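Q: Fold the following and give me the result.
(chains A and B)
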Number of protein chains: 2
Amino acid sequence: MQYKAIKLVKRPKINITPDLFETVTLETPKIKDGEILLKQTHMSLDPAMKGWMTEDRNSYIPPVELGEVMRSSGVAEVIESRNREFSVGDRVQGMIGWTEYAVSKGQGLNKLPPEISAEAVLCVLSLPGLTAYQGLMEIAKPKAGETLVVSGAAGSVGSMVGQIAKAEGLRVIGTAGTDDKCRWLEDELGFDKAINYKSDDLARELKDATPDGVDIYFENTGGAVQHITFYRMNVHGRIVVCGMIADYNTDKPSAGPNWMNMIRRRLTMTGFAMPDHWDAVPAMSVKLLGYYKAGKLKYRAHTLSGLESAIEGINLLFTGGNTGKLMVEL
Amino acid sequence: MQYKAIKLVKRPKINITPDLFETVTLETPKIKDGEILLKQTHMSLDPAMKGWMTEDRNSYIPPVELGEVMRSSGVAEVIESRNREFSVGDRVQGMIGWTEYAVSKGQGLNKLPPEISAEAVLCVLSLPGLTAYQGLMEIAKPKAGETLVVSGAAGSVGSMVGQIAKAEGLRVIGTAGTDDKCRWLEDELGFDKAINYKSDDLARELKDATPDGVDIYFENTGGAVQHITFYRMNVHGRIVVCGMIADYNTDKPSAGPNWMNMIRRRLTMTGFAMPDHWDAVPAMSVKLLGYYKAGKLKYRAHTLSGLESAIEGINLLFTGGNTGKLMVEL
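A: Modelled structure (predicted):
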């Protein structure tokens, strides 16, 4: 049986362009003892992928080698099994890659309960949900009653950060790039306030929305929101730097704020990446599933169709064109 | 008996100017039961004082009120006592202020062992030493073999940071503003390398001095050293922001680095001020005295003479004109 996969064949300079990839048609192999054959149904597209395409000796995980299938997480069904831990029909989540089929020995795969949809898995239990939980709960350590500002609030991470913070009793202000996204944050996700960062009077809107200052800033974007919020931080505030999507597709990074306010307000700023914390994933998954089952985590999926839609589609993450957690249905 | 004291009568705008102060001549009061009369012998001048003169609701301690004696730490001798915890002739350290004499009930005063000079007390056991210990040992948590860069390395805090780090087995690189200071750091204090930040090729010198990257950056100055070192940080590096002396006397703070590197290297940056950590002072003093007695902490005092020398002299801290821990001998 033939299937398609997409290999990374070139590293990105500034933008992710179609020539970085090569689609190949392969024959599904005969599985050996201990192996399973997976048919992927949903494949996640995440901003972190740009880092995985790039060589950087300091990156948290090695880059995808040129000629390898592009790395991604996804949900798949077991369609053949010679491994007694997996049965045909099981659904699993794992790093499956840009491919319709994959052979696995089962390492790193999580079996999924039947009551959760593939979309929910990729929105809530996958990289974005884990990243949100780790950054907010383990790094920023919020206390009920504190004020949180999250940039990129309608994004896959930001929307989870805001909802977890609401579940934990914080006052939550989010920024996003369209009025539609802002309405969704306020009306559906229960944010206390959502602000369109393209507003003419962003500084005033952020000030009015945070009369008691800001205790936690969860950074997904960079840009003007960063500079304004930095000067609204309260004493002993925490800044979690998770993403700088405004700067991913530029070779001229914008200036950051002067560090004097770090001292004046005795701030802590932590840059983090979820893969440094894989050990904590099982415990975090339990927590996230708990919030989800309690109805605290809503999501919006933006689903592309067909493997090759990933090639152009991934850029929606950097233009803000996606209207929810970006994924590909296969 | 008459004595002089200096009151703060105006708040600084950008620079500390003589018109902020008023020298008054007072009569030493008769002490009451429980009180002691102190004759100050050495008075510390520290960069933090500028913050104490300024109103800022977020400051770690309230500003000096207008009309009050300017705040400072110092060493004094007990010359009268109606408090049974103190005897005439005892030497004490405490927040005595810009004054020749002071009355105290004893709170906040530490009795000093006879074997340590007043200069050593103000260099090693006072605010700079405590700040260095707290920032390096409690916040950055160094491990032997790591590389530390400290800016303002010849300053009162920086010189202690570097020496404590050497005592803990780190590789230590310092930056300072004159070749003489650099020689002192290398030849007397045992820094692995000291670099004049006015060098034409600062970036190359910092790179050559840190072949394995930088694990800890202890920031006292801001400026070019900050930007260069930020991009030499290793994964999981720690940045301790203690001072930004290059920006104290300007109303146009310079831009900081873009935050993207916070994520790439998963850095932690912490702004701190020693007065948030007074509880830890007794334990830290013991540690500092231990290093000092073991000959690990050398210092250079820059001693001005006479109370009123503080008024102009404090600016040496902001021009880099001091050649050691700045203090006034009374």
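Q: Now do the worst-scoring helix or strand of chain A on mean pLDDT: everything it contacts.
A: Confidence across the helices and strands of chain A bottoms out at helix A:245-248, with a mean of 76, counting by mean pLDDT, DSSP states H and E. Contacts made with helix A:245-248 from outside it, assessed by C-beta atoms under 8 Å, 6 or more residues apart in numbering or on different chains, are listed as A:47, A:50, A:152, A:155, A:220-223, A:253-254, A:317-318, B:258, B:260. For glycine as for every other residue, the C-beta is placed from the backbone atoms N, C-alpha and C.
Q: Redo the residues you listed as TSV? Include pLDDT.
A: Conversion of these to TSV gives the following (pLDDT from 0 to 100):
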residue	pLDDT
A:47	86
A:50	90
A:152	95
A:155	90
A:220	95
A:221	94
A:222	94
A:223	93
A:253	81
A:254	89
A:317	91
A:318	88
B:258	95
B:260	92
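Q: List the ones among the residues you listed that fall in strands.
A: In strands, judged by DSSP state E, none of these are found.
Q: Among those, pick out the one closest to residue B:126, please.
A: Checking the contacts of helix A:245-248 against residue B:126 by C-beta to C-beta gives residue B:258 as the nearest, at 36.7 Å.
Q: could you pull out the strands for the stretch 101-250 of chain A?
A: A:101-104, A:110-111, A:147-150, A:171-176, A:193-196, A:214-219, A:233-241 (DSSP state E, counting those that start in this stretch).
Q: Lowest average confidence across these, which one?
A: Across those, strand A:110-111 has the smallest mean pLDDT, namely a mean of 88.
Q: Which strands or helices does it pack on?
A: With contacts defined as 3 or more C-beta pairs under 8 Å, 6 or more residues apart in numbering or on different chains; DSSP states H and E, the packing partners of strand A:110-111 are strand A:91-95.
Q: Quick one: residues in contact with the strand it packs on.
A: With contacts defined as C-beta under 8 Å, 6+ apart, strand A:91-95 is touched by A:38, A:71-78, A:86, A:104, A:108-112, A:114, A:118, A:121, A:125-126.
Q: how about 6 Å then?
A: Contacts made with strand A:91-95 from outside it, assessed by C-beta atoms under 6 Å, 6 or more residues apart in numbering or on different chains, are listed as A:73, A:75-77, A:108-112, A:121.
Q: Quick check on those residues: which are buried?
A: Listed as buried from these are A:73, A:75-77, A:109, A:112, A:121; burial here means 16 or more other C-beta atoms under 10 Å in any protein chain shown.
Q: Relative to chain B, which of the residues you listed is nearest.
A: Distance to chain B, by C-beta to the nearest C-beta, is smallest for residue A:73 among those, at 18.9 Å.
Q: what bridges to that closest one?
A: Legend: beta-bridge partners of residue A:73 under DSSP bridges are residue A:95.
Q: Can you give me every residue that contacts the residue nearest to the spatial centre of chain A?
A: Against the mean C-alpha coordinate of chain A, by C-alpha atoms, centre = their mean, the closest residue is residue A:128 at 3.1 Å. Residue A:128 is in contact with A:156-157, A:160, counting by C-beta under 6 Å, 6+ apart.
Q: any idea which of those is closest to chain B?
A: Proximity to chain B was ranked across those by C-beta to the nearest C-beta; first place goes to residue A:157, at 12.2 Å.
Q: So what's the residue count around the closest one?
A: Residues lying near residue A:157 (other C-beta atoms under 10 Å in any protein chain shown) number 29.
Q: The closest residue to it other than its chain neighbours and residue B:290: what is the separation?
A: When the adjacent residues along the chain are set aside, residue A:157 lies closest to residue A:128, with 4.7 Å between them (C-beta to C-beta, 6 or more residues apart in numbering or on different chains). Residue A:128 sits at a distance of 49 Å from residue B:290 (criterion: C-beta to C-beta, to the nearest Å).
Q: how about the helices of the stretch 201-330 of chain A, start to end?
A: Taking DSSP state H, counting those that start in this stretch as the test, the helices found in the stretch 201-330 of chain A are A:202-209, A:224-230, A:245-248, A:260-264, A:281-293, A:309-313, A:316-319.
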